[in-house]
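Engineer: Generate a structure from the sequence data that follows.
(chains A and B)
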There are 2 protein chains.
Amino acid sequence: MRRAISILLVIFALLSYGLAWSQSSLMKQAQALFKPIPTSPPSLPGNVATPAKVALGQMLYFDPRLSESHAISCNSCHMIGMGGVDLQSKSLGHRWQYGGRNAPTVYNAVYDVAQFWDGRAKDLQAQAGGPLVNPLEMDTTEAHVVEQLKGIPGYGPAFAKAFPGMADPITFDDVRKAIAVFEATLITPDAPFDRYLMGNEGALSASEKEGLSLFMSKGCAACHNGINVGGGMYAKFGVIELPGARILPPGDKGRFAVTRTASDEYVFKVPSLRNVAITAPYFHSGQVWDLREAVAIMGSSQLGAKLTDDQINKITLFLGSLTGKQPRITLPILPPSVTSTPRPRPGAR
Amino acid sequence: MRRAISILLVIFALLSYGLAWSQSSLMKQAQALFKPIPTSPPSLPGNVATPAKVALGQMLYFDPRLSESHAISCNSCHMIGMGGVDLQSKSLGHRWQYGGRNAPTVYNAVYDVAQFWDGRAKDLQAQAGGPLVNPLEMDTTEAHVVEQLKGIPGYGPAFAKAFPGMADPITFDDVRKAIAVFEATLITPDAPFDRYLMGNEGALSASEKEGLSLFMSKGCAACHNGINVGGGMYAKFGVIELPGARILPPGDKGRFAVTRTASDEYVFKVPSLRNVAITAPYFHSGQVWDLREAVAIMGSSQLGAKLTDDQINKITLFLGSLTGKQPRITLPILPPSVTSTPRPRPGAR
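Structural biologist: Got it, this is the predicted structure:
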């Protein structure tokens, strides 16, 4: 009897060791492919994040007077407190028009290789000006943004503090720079997956680890890797099998519009999967609301793999572990308009 | 020579005394008519403001999923950080439709005798449900608001904490109650005028005091009095002289629509003048952007007085002293949607 118990204990010890070894191996594999989000934001080349500049960027981010209508701000489509998105298939912009593609989250966007689904802006600073002048979004002009801000007395000192020593600190470029440094602060560290990558075996459940293992072994991590679990490269959507036209509308050729290169047809930036569980709907077309369906589509369109329901569920559970600590932002007190401030031009309806 | 200096000193002392006496008299007169905003919010009858209820109300206030489109929240038209208004003539609502009247500020609204320009809601709680179901604003229904919130898992515990012991805490009435207690916190104490009312002679400049004196002697304070410098009664717009149809459109008969009483034609709630300098445009029609013009119109339409430019300027300066300490609000992290959460219905365009 004692001998039997001893044998059982040895078997148990060996099993435990094997399990620990395999977990440790999974962790090492993950650590080689992914990186945790740091607790403090990265610095932007050529755009030092002084407190005054971050504070100005935060004001601009929330100020609807940057739009032609004075009704739409950056935060309208990239809502702080709601995953950095608007939870719409496509955003509602100027005069209730739909935008061209699903609004990506602003959270952790600083870690992406480029901005927009087609990568047409090289960084946050280049991106920040885009929606302002897009007729489907905020529908203003670079000149009017500057005129508007110069017409709001409180912005003069705020720009002067953010861009000291400039003869004329209120320029469109400064607007973009200030918004970019604020957006760079919008990172979501401390997700369960980050804690796991930092060596905490208990940060992920057994099912989440199985999902992580599948995520790597099935090939998802070939594109979705790095600090943002995506966001680092481009890929053709439907490389193995084309999804339906609802999900991949033939009219939107993605990066082709940027490069005019035939091989870039239907190529998009591989999106970051950070916070993906709270930023539905999915893909550039925003037609898929169920993360499990999105995982299944990725399996068939990108990997030629028909994933089982169990595999899909486990990968989806793993993706849930990518939801990090959401930024807590205090709403800035915006400088008041005065009688001479340019007025909203909401457009006829 | 020394005698001449002595006489001058006595004259100077007498003048100073006279000035101090007249200031003190002005202060006493003001203290009899107005009251400072307290530093902590008032309690609402039958609606205790527990921290859990205020926190829930704050989430609901910022959550655009309360609207049919999921693109409009309370904060869209009553923006925290922008005077509690949207700085529009009329607000842009569902499908870019204009609202019927200029959006009043949410700041200090708790002190008003009733809500809306026509007083059709008796308090904040009654008001809070209005824009939700107004087809020109958020265009949803009471039933859909409840269905929507029940479809967002994180709201269940938040309502249970805010309304403990209820079998079904997510009701439309609870939504209104929670929003109301949050809105009651949006007060702006510590305006220069408040400090003056509390005995600080130096809180107002000489010109602001002259403006205050005119504000009382010309009759403005007959209606604009109390804690909110208005907000306490109703008055006919154009009692002496009708303003033009642009400012008083014949189609909007104000409180008449509520009471169906002929004497209530073109009667509106006397608006609070708290923070008026930062909440243009003015009047229920929102067509006047210059506060001095608004003051002049009030003089002629309500008092039969043609105010001089100097009087208008001084009254306007005084009104600037009504801008208080603006609320600092940290954006709540909203509970995420899940696959089964009812989706936005933005409407065709």
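Engineer: Helix, strand, or coil at the most centrally placed residue in chain A?
Structural biologist: Nearest residue to the geometric centre of chain A (C-alpha atoms, centre = their mean): A:Thr105, 3.7 Å. Put simply, A:Thr105 is coil when judged by DSSP: H, G, I helix; E, B strand; the rest coil.
Engineer: distance of it from B:Lys306?
Structural biologist: To B:Lys306, A:Thr105 is 57 Å away according to C-beta to C-beta, to the nearest Å. C-beta: built from backbone N, CA, C; applies to glycine.
Engineer: and what of A:Trp289?
Structural biologist: 63 Å.
Engineer: Look at these two and report which has more neighbours.
Structural biologist: Comparing A:Trp289 with B:Lys306 by other C-beta atoms under 10 Å in any protein chain shown, the one with more neighbours is A:Trp289, at 18 against 9.
Engineer: Strands of the stretch 151-300 of chain A, residue ranges please.
Structural biologist: Ranges of strands in the stretch 151-300 of chain A, per DSSP state E, counting those that start in this stretch, are A:234-236, A:267-269.
Engineer: Minimum distance to A:Phe116: which of these has it?
Structural biologist: strand A:267-269 (7.4 Å; C-beta to C-beta).
Engineer: Who are the packing partners of the closest one?
Structural biologist: Applying 3 or more C-beta pairs under 8 Å, 6 or more residues apart in numbering or on different chains; DSSP states H and E, we find strand A:267-269 packed against strand A:234-236.
Engineer: how about a cut-off of 10 Å?
Structural biologist: Applying 3 or more C-beta pairs under 10 Å, 6 or more residues apart in numbering or on different chains; DSSP states H and E, one finds that strand A:267-269 contacts strand A:234-236, helix A:256-259.
Engineer: ok, residues contacting the longest one?
Structural biologist: Here helix A:256-259 makes contact (C-beta atoms under 10 Å, 6 or more residues apart in numbering or on different chains) with A:100, A:114, A:116, A:118-121, A:234, A:262-267.
Engineer: how about those in CSV, adding pLDDT and neighbour count?
Structural biologist: Output for these, formatted as CSV (pLDDT from 0 to 100; neighbours: other C-beta atoms under 10 Å in any protein chain shown):
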residue, pLDDT, neighbour count
A:Gly100, 94, 19
A:Ala114, 96, 20
A:Phe116, 97, 21
A:Asp118, 96, 23
A:Gly119, 96, 20
A:Arg120, 95, 16
A:Ala121, 95, 17
A:Tyr234, 98, 19
A:Ala262, 95, 8
A:Ser263, 95, 9
A:Asp264, 96, 19
A:Glu265, 96, 13
A:Tyr266, 97, 19
A:Val267, 97, 21
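Engineer: Can you say which of the helices and strands packed on strand A:267-269 is packed in most?
Structural biologist: strand A:234-236 (a mean of 18; mean count of other C-beta atoms under 10 Å in any protein chain shown).
Engineer: What pairs with that strand, parallel or antiparallel?
Structural biologist: Partners of strand A:234-236 in the sheet, by DSSP bridges, are strand A:267-269 (antiparallel).
Engineer: Other residues contacting the strand it pairs with?
Structural biologist: Applying C-beta under 10 Å, 6+ apart, the contact partners of strand A:267-269 are A:101, A:104, A:112-120, A:230-237, A:239, A:248, A:252-256, A:258-259, A:261, A:283-284.
Engineer: Which helix or strand lies directly C-terminal to the worst-scoring helix or strand of chain A on mean pLDDT?
Structural biologist: Between all helices and strands in chain A, the lowest mean by mean pLDDT, DSSP states H and E belongs to helix A:2-33, at a mean of 70. Downstream of helix A:2-33, the next assigned helix or strand under DSSP states H and E is helix A:51-62.
Engineer: Pull out the buried positions in that following helix.
Structural biologist: A:52-62 (16 or more other C-beta atoms under 10 Å in any protein chain shown).
Engineer: Would that helix count as contacting chain B?
Structural biologist: Yes. Interface with chain B: helix A:51-62 contributes A:59, A:62 (C-beta under 10 Å from any C-beta of the partner chain).
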